[in-house]
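J.: task: produce atomic coordinates for the following.
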Amino acid sequence: MEILLDTQSLLWWAIDPTRLSRKARKTIRDSENLYFGLCSFWELSIKANKKKHNLPLEARDLTPLLKAVKSNGATELEISSDCFFKSTSLPYHHRDPFDRLIIATAILHRLSIVSSDRDFPKYEVPVIW
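T.: Take a look at the predicted model:
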């Protein structure tokens, strides 16, 4: 199975995997290919710089986090123009632009998403939690 981590799952996987569900941890461990969207680091950077959401990291921690995520076998997916346009054409079940980019990425690359977000299953993408 090929998996895309949403931003929260990416952060938990890297910092505190016990916050992921058992099913999510097993799916990540057993995945054929594990991906994360570059948009997740964009989102984390904005939130860290604004000191939002009680993130367990600061902006200076993002470069080491990115290196750690890649060294643990996850592959970065950039934001393509196709992804951008797909995200703007999705139904508005979810208003967060970063989540919409993650959903669009999963749809375009035919990936399942690891996410606890309750709005993700409203889209035509497999969600694991």
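J.: only C-alpha atoms from now on, for both contacts and neighbour counts.
T.: Noted.
J.: residue boundaries of the strands in this protein?
T.: Ranges of strands in the chain, per DSSP state E, are 2-5, 33-37, 74-77, 112-114, 127-128.
J.: of all those, which one is nearest residue 13?
T.: strand 2-5 (8.8 Å; CA to CA).
J.: partners of the closest one, with directions?
T.: strand 33-37 (parallel), strand 112-114 (parallel) (DSSP bridges).
J.: determine which of those strands approaches residue 77 most closely.
T.: strand 33-37 (4.8 Å).
J.: so which residues make contact with the closest one?
T.: 1-7, 10, 28, 73-79, 102, 105 (CA atoms under 8 Å, 6 or more residues apart in numbering).
J.: how far away from the center of its chain is it?
T.: 8 Å (CA atoms, centre = their mean, to the nearest Å).
J.: tell me what the closest residue to residue 127 other than its chain neighbours is bridged to.
T.: Closest residue to residue 127 apart from its sequence neighbours, by CA to CA, 6 or more residues apart in numbering: residue 113 at 4.8 Å. Residue 113 forms beta bridges with residue 4, residue 127, as assigned by DSSP bridges.
J.: show me what contacts residue 113?
T.: 3-6, 103, 106, 125-128.
J.: right, so the strands paired with strand 2-5: which one is the most enclosed?
T.: With neighbours defined as mean count of other CA atoms under 10 Å, those peak in mean count at strand 112-114, which reaches a mean of 25.
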